[in-house]
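Engineer: Sequence below, structure please.
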Amino acid sequence: MRKITILVLIIGVAIGFTLCHKPDTLKNEGQTEISKDINELDVSDNFRWKTIKDVNISLQTSTDAVALIKSVKGDVYLKAFIKAGQKLDTKITIPTYVSEIVLSCKGQDKRMLVETGGIKYNFN
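Structural biologist: Residues are numbered from 1 along each chain as shown. Reported below is the predicted structural model:
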């Protein structure tokens with residue numbers, strides 16, 4: 001009886017392994033093989049690979065104040081002290097998908113579009 005139990009167990013395990021076998025290729029007709037070599041990618045000539053961009057910002061205020069440059073979500077890119085009558089000229093690096101930032105100074109928040117030429121703003 002013991003030999004029959006062992007034999008049935010071995011046959012059951014063998015059948016289980018053959019039923020769970022994954023075929024080597026699951027390719028349907030018309031499917032193309034995915035390349036893992038970056039040199040074989042077909043990419044448009046005007047595709048931008050950069051994920052960050054630099055933005056020049058110039059801020060001015062009539063009184064001494066702390067200025068913040070933030071994302072719309074509230075993440076702070078830069079915090080700086082500006083003296084009265086002087087400019088803060090700086091460059092920040094932000095993700096390319098960001099199209100709007102918030103300038104904050106003296107209790108004022110100003111939403112600004114990120115433009116190619118940079119951003120200039122005067123807090124009065």
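
Engineer: Alpha carbons only: can I get the lowest-mean-pLDDT helix or strand in the chain in CSV?
Structural biologist: Using mean pLDDT, DSSP states H and E, helix 2-19 stands out as the lowest-scoring helix or strand of the chain, at a mean of 83. Listed next in CSV are the C-alpha coordinates belonging to helix 2-19 (Å, rounded to 0.1, in the frame of the first residue of the first chain):
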residue,chain,number,x,y,z
ARG,A,2,2.8,2.4,0.8
LYS,A,3,4.5,1.8,-2.6
ILE,A,4,1.2,2.6,-4.4
THR,A,5,0.8,5.9,-2.4
ILE,A,6,4.4,7.0,-3.3
LEU,A,7,3.9,6.0,-6.9
VAL,A,8,0.6,8.0,-7.1
LEU,A,9,2.3,11.0,-5.4
ILE,A,10,5.2,10.9,-7.9
ILE,A,11,2.8,10.7,-10.9
GLY,A,12,0.7,13.6,-9.5
VAL,A,13,3.8,15.8,-9.1
ALA,A,14,5.0,15.0,-12.6
ILE,A,15,1.6,15.8,-14.1
GLY,A,16,1.5,19.1,-12.0
PHE,A,17,4.9,20.1,-13.4
THR,A,18,4.0,19.4,-17.0
LEU,A,19,0.7,21.3,-16.7
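
Engineer: Would you map the strands across this protein?
Structural biologist: Using DSSP state E, the strands of the chain run over residues 52-61, 65-71, 76-82, 87-95, 100-105, 108-113, 119-123.

Engineer: Look up how far I15 lies from L103.
Structural biologist: Distance, L103 to I15, using C-beta to C-beta, to the nearest Å: 70 Å. (Each C-beta comes from the backbone N, C-alpha and C, glycine too.)
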